[in-house]
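Next input, structure requested:
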Amino acid sequence: MPQLALFDRSDRTLIDDTTGTITYAPGVVARAAADAWFATLRDDLAWQSERRLMYDREVDVPRLLASFRLDTLEEPAPDAAAGRVRAVLRAARAAVEAHAGARFDSVGLNHYRDGRDSVAPHNDHLDELEPGAPIALLSLGDVRTMTIRSKAKPPRVLHVELEPGSVLSMSWQTQHHWDHGIPKTGTPVGVRISLAFRVRPKDGAAGRYA
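Numbering: from 1, shown residues only. Purely as a prediction, here's the structure:
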């Protein structure tokens, strides 16, 4: 099970074959900016808790959530805190788009409070994505491990340490062939916030995973 070394400064191509392309790039956002963005989103964003049906019962989603259509970020903010959040999201969008060479129209945010918070292995729902458009995941805050697992047997498994300011990019095709998730951990960890940039159909929701 390959694992990327923590704080290796080089960009990495994790997967590049007929199943798609996944790359990991540390340091896309400078640490000072990443830390400032993290503090603003942690303190000023109106995070939501949710409950979902799972195995015939309703359970708490093990993380906090938020989402935005990016075309709304230029609208007048209702208060100062919302204005600070929108400024961060605009700056984050610009940095991620410059890195990815793509335009995004939605962002889903996840707030992992500690090692008990997680997201189960999944692929993005292809009917909720613009065909052919990539997904770019910006990490802020503490480091968490993402597990990437092939759907084909025997499975190929990668473990990636997502450091603050890094961007993990996935081509649309990978969602057919790979699952990704943030597992729970008993190791003490701090708060992590992720921003998942996507291109949604015009009538689609913003979506919030990983």
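
CA atoms for contacts and neighbours, from now on please.
Noted.

show me where the chain has helices.
Under the criterion DSSP state H, the chain contains helices at 31-44, 80-100, 174-177.

quick one: which of the ones you listed is nearest Leu129?
The closest of those to Leu129 is helix 174-177. By Cα to Cα, the value is 10.2 Å.

Let me know whether Pro188 touches Arg113 as I believe.
No - using Cα atoms under 8 Å, Pro188 is not in contact with Arg113, being 11.0 Å away.

Could you check which of those two is surrounded by more residues?
Neighbour totals were compared for Pro188 and Arg113, and Arg113 leads with 18 against 8 (other Cα atoms under 10 Å).

For that one, which non-adjacent residue is closest in space?
Once flanking residues are discounted, Arg113 sits nearest to Val191: 4.7 Å by Cα to Cα, 6 or more residues apart in numbering.

same thing with Pro201?
Spatial nearest neighbour of Pro201, chain neighbours left out: Glu130 (5.6 Å); criterion: Cα to Cα, 6+ apart.

next one: Arg69
Ser106 (4.4 Å).

Is that neighbour bridged to anything, and to what?
Bridge pairing for Ser106 (DSSP bridges) gives the partners Arg69, Arg198.

Go ahead and confirm Arg12 touches Tyr24.
Yes - in this structure, Arg12 is within contact of Tyr24 by Cα under 8 Å, at 5.1 Å.

What ranges in the chain fall below the confidence cut-off?
1-9, 52-57, 203-210 (pLDDT under 70).
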